[in-house]
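Peer 1: Coordinates for the following, if possible.
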Amino acid sequence: MSVRRFPTFLTLILVLMCAISNASTRDYTKWGLPAGAKLRLGKGAIKKLQFSPDSTRLLVITSIGIWFYDAQTGKEIDLFVGHTGHITNVNFSLNGKTLASVSDDATIGLWNVETGSRLKTLKGHTGRIASVSFSPDGKLIVSGGTDDSVRLWDVKTGNLLKTLKGHTNEVVRVSFSPDGKLIVSKTVSRASMSSSVWLWDVETGTLLKTPTGRSGSIESGSFSPDGKAIVIGSPDGKLIVSHSVDKRVLFPDVKTGTRLETFNTADGVRHVGFSPDGKLLASGSDGTTVSLRDVKTDSLLKTLTGHTREVMSVSFSPDGKLLASGGYKRVGLWDVETGSLLKTLTGHTNRVASVSFSPDGKVLVSGSWDKTIRLWDVETGSLLKTLTRHTDRIVRVSFSPDGKVLVSGSWDKTIRLWDAETGSLLKTLTGHKVQVDSLSLSPDGETLVSSGDWDNTIRLWDATAGRHRLWDAIKSNQLRTLTGHTGWVMSVSFSPDGRMLASGGTDATVRLWGPDTGSLLKTLIGHTGSVASVSFSPDGKVLASGSVIGSIRLWDVETGSLLKILIGHTGEVMRVSFSPDGKTLVSGSLDGTILVWHTPLVQEEKGKEVAR
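Peer 2: Got it, this is the predicted structure:
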């Protein structure tokens with residue numbers, strides 16, 4: 001009897017192991033989450049690449065933190081978060097036990113790689129630090145930043161040893177030569193955006209050479225492990241490796257200079273790095289992927305995906321099971337429960353500023369800075385139609401409640417109404433003097449509210465006075481103008497019952513209006529930066545507002561009191577949206593990620609407010 005049960009037991013164990021293994025592939029969506037969040041979709045925009053000293057791990061520094069990958073399998077290993085600003089660069093000590101990170105917060109962090117604990121914080125720079133590197137013996141750190149300086153630090157004590165003077169522009173890259181005797185630094189001119197590379201003697205701190213002759217932009221530079229070459233990434237999509245002779249590094253012009261190797265890539269190369277053993281070369285591109293190449297054979301070994309640039313728009317499907325996101329040239333379709341990316345819709349040639357599902361959930365519309373509107377089949381991901389009548393970037397698209405009409409707003413100063421089935425243009429609403437920034441249809445589909453940016457005419461939308469206007473969506477008649485904001489209005493949204501209108505603007509306020517009368521009902525104060533997005537919960541009791549400083553505030557609509565502040569994004573929050581059942585809030589940010597938040601916490605805060 002026991003013999004018969006054993007295979008069944010073994011099978012059960014194997015099934016459980018497979019389930020655990022499959023689940024672990026999604027675990028990274030829950031790493032390093034801020035309080036109140038349950039998932040993170042996307043890994044952030046790629047900022048820098050760095051191998052571990054033993055060449056087994058690749059670090060990808062993104063807009064949200066530091067990702068650790070297995071260099072052989074391409075699997076995610078860990079995520080470090082902690083700086084109060086964007087992490088701009090990292091570097092390992094030679095033994096791999098310590099990691100240095102630099103940030104917009106003007107500090108250098110020293111981390112224990114094994115535990116993730118912060119060992120020291122080095123202060124001295126007066127602005128954003130762009131780059132950091134350990135000396136080969138691990139005793140020194142070099143850093144460079146926007147204060148036009150390169151600084152040498154003692155790792156053990158954290159003391160500042162030298163400041164290398166001579167740069168006249170901000171320093172964006174620093175690196176030691178393999179023997180530790182030289183430092184290479186790259187500067188960028190703020191005025192012309194031209195690049196220069198400098199060579200320094202570490203012992204004396206003197207400038208040895210300022211190479212010239214490079215026209216155009218140098219995106220990235222890195223020494224090869226033997227010190228005989230520097231690889232330079234350029235916007236034209238090429239990796240150029242140039243000769244190094246003794247202590248004199250030659251940076252030839254792209255057209256005439258000597259090349260050891262040239263690797264072609266699909267997009268412009270912005271980040272490059274050798275593995276310490278010299279066998280692998282990692283390159284990151286505008287396409288948000290990391291390529292791992294065999295240096296000797298120039299063969300592509302692995303492509304690491306999942307990294308995203310800015311997320312400019314998010315939208316739930318009507319059943320709440322799918323989430324659409326708009327970003328750089330792409331539309332993403334996500335499984336809300338698992339956090340997995342189901343489909344990537346490509347075709348746009350610029351940022352996708354707005355996405356919206358049809359009421360039946362079968363069609364997705366996207367509006368882009370490439371001046372086009374695209375309609376997609378949600379099930380297949382195929383492109384159904386492309387609408388091309390706008391003459392400037394499109395910033396908002398939305399379906400009418402019955403799904404028959406599509407509304408779009410553009411910087412061409414117009415709002416256009418389209419037949420969703422045929423794609424034909426029904427009406428064009430004109431009157432904006434500069435541009436349309438936001439729009440929202442009332443739940444009954446009869447009223448349209450729009451706001452315009454930098455519009456200085458009182459007759460229409462005076463953005464400096466914070467005006468936006470109501471339209472009759474059927475007759476195309478203007479109903480009234482609402483005034484009260486002291487800055488331009490960035491976002492507008494109707495409440496689910498259509499009886500209230502919310503707006504957010506550059507004056508850092510959220511305002512609640514009565515659309516029937518045009519009266520200002522409440523002004524919600526608390527944000528310390530421009531409010532880029534507002535959204536009501538499905539029951540209309542809670543309002544979410546997202547700010548350009550990266551925070552989200554949840555408000556009690558009835559009382560106007562602040563319920564909760566959600567902090568977790570490292571970039572501007574461009575969109576906030578509740579799920580149809582109101583149990584989940586999502587936020588899309590320019591840090592390249594979407595955070596999925598628990599909203600039952602909001603009800604707890606409302607309960608506390610009532611108790612008080």
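Peer 1: Is Thr29 in a helix, a strand, or coil?
Peer 2: With DSSP: H, G, I helix; E, B strand; the rest coil as the basis, Thr29 sits in helix.
Peer 1: So for the closest residue to it other than its chain neighbours, what's the pLDDT?
Peer 2: Closest residue to Thr29 apart from its sequence neighbours, by Cβ to Cβ, 6 or more residues apart in numbering: Gly339 at 3.8 Å. Every residue, glycine included, has its C-beta placed from N, CA and C. On the pLDDT scale, Gly339 is placed at 85.
Peer 1: Quick check: Gly339 touching Gly42?
Peer 2: No. Between Gly339 and Gly42 there is no contact, the gap being 9.4 Å when judged by Cβ atoms under 8 Å.
Peer 1: ok, longest strand in this structure?
Peer 2: What stands out as the longest strand in the chain, according to DSSP state E, is strand 341-357.
Peer 1: So which other helices or strands are in contact with that strand?
Peer 2: If you count contacts as 3 or more Cβ pairs under 8 Å, 6 or more residues apart in numbering; DSSP states H and E, strand 341-357 packs onto strand 313-316, strand 322-326, strand 328-335, strand 363-368, strand 373-377, strand 383-387, strand 394-399.
Peer 1: relative orientation of it and strand 328-335 in degrees?
Peer 2: Strand 341-357 and strand 328-335 meet at an angle of 100 degrees, taking axes from the mean of the first three to the mean of the last three Cα atoms, to 10 degrees as the criterion.
Peer 1: Among Gly339 and Gly42, which residue is more densely surrounded?
Peer 2: It is Gly42, of Gly339 and Gly42, that has more neighbours when counted by other Cβ atoms under 10 Å, with 28 against 20.
Peer 1: ok, Leu585 to Asp412 distance?
Peer 2: Look at Leu585 and Asp412: by Cβ to Cβ, to the nearest Å, they are 32 Å apart.
Peer 1: if you count what's nearby, which of those two comes out ahead?
Peer 2: Looking at Leu585 and Asp412 with other Cβ under 10 Å, you find the greater number of neighbours at Leu585, namely 26 against 19.
Peer 1: Am I right that that one is in contact with Ser579?
Peer 2: Yes. Judged on Cβ under 8 Å, Leu585 makes contact with Ser579 at a distance of 7.5 Å.
Peer 1: Pull out the buried positions in the longest strand of the chain.
Peer 2: Residues of strand 341-357 classed as buried under the neighbour-count rule (16 or more other Cβ atoms under 10 Å) are 341, 343, 345, 347-348, 351-357.
Peer 1: now do stretch 541-557
Peer 2: Applying 16+ other Cβ under 10 Å to stretch 541-557 flags 541-557 as buried.
Peer 1: From these, which land in strands?
Peer 2: Members of those lying in strands (criterion: DSSP E): 542-547, 551-556.
Peer 1: Between these, which sits nearest Asp54?
Peer 2: Distance to Asp54 across those (Cβ to Cβ) is lowest for Ser551, with 39.3 Å.
Peer 1: and the gap between the closest one and Val311?
Peer 2: When Ser551 is compared with Val311 (using Cβ to Cβ), they lie 16 Å apart.
Peer 1: Next up, the contacts around His83.
Peer 2: Listed by Cβ atoms under 8 Å, 6 or more residues apart in numbering, the contact set of His83 reads 101, 103-105, 107, 109.
Peer 1: Scan the residues you listed and report the most crowded one.
Peer 2: Ser101 (25 neighbours).
Peer 1: Name the residues linked to that residue by a beta bridge.
Peer 2: Here Ser101 shows beta-bridge partners Val90, Gly109, assigned using DSSP bridges.
Peer 1: repeat for Leu333
Peer 2: Assigned bridge partners for Leu333, using DSSP bridges, are Ala324, Lys343.
Peer 1: Number of residues surrounding it?
Peer 2: Leu333: 19 surrounding residues under other Cβ under 10 Å.
Peer 1: what does Ser519 give?
Peer 2: 11.
Peer 1: and the angle for the longest strand of the chain with strand 363-368?
Peer 2: 80 degrees.
Peer 1: thinking again about what came up before, contact partners for the residue nearest to Thr29?
Peer 2: Gly339 neighbours (Cβ under 8 Å, 6+ apart): 26, 29, 39-41, 596.
Peer 1: Keep only those of those residues that are in strands.
Peer 2: Of the contacts of Gly339, the ones assigned to strands by DSSP E are 39-41, 596.
Peer 1: Would you show me how to pick out the buried ones of those residues in ChimeraX?
Peer 2: Buried residues within the ones in strands among the contacts of Gly339, by 16+ other Cβ under 10 Å, are selected in ChimeraX with:
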select :39,40,41,596
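Peer 1: tell me the secondary structure for the residue nearest to Thr29?
Peer 2: Gly339 ends up coil, using three-state DSSP.
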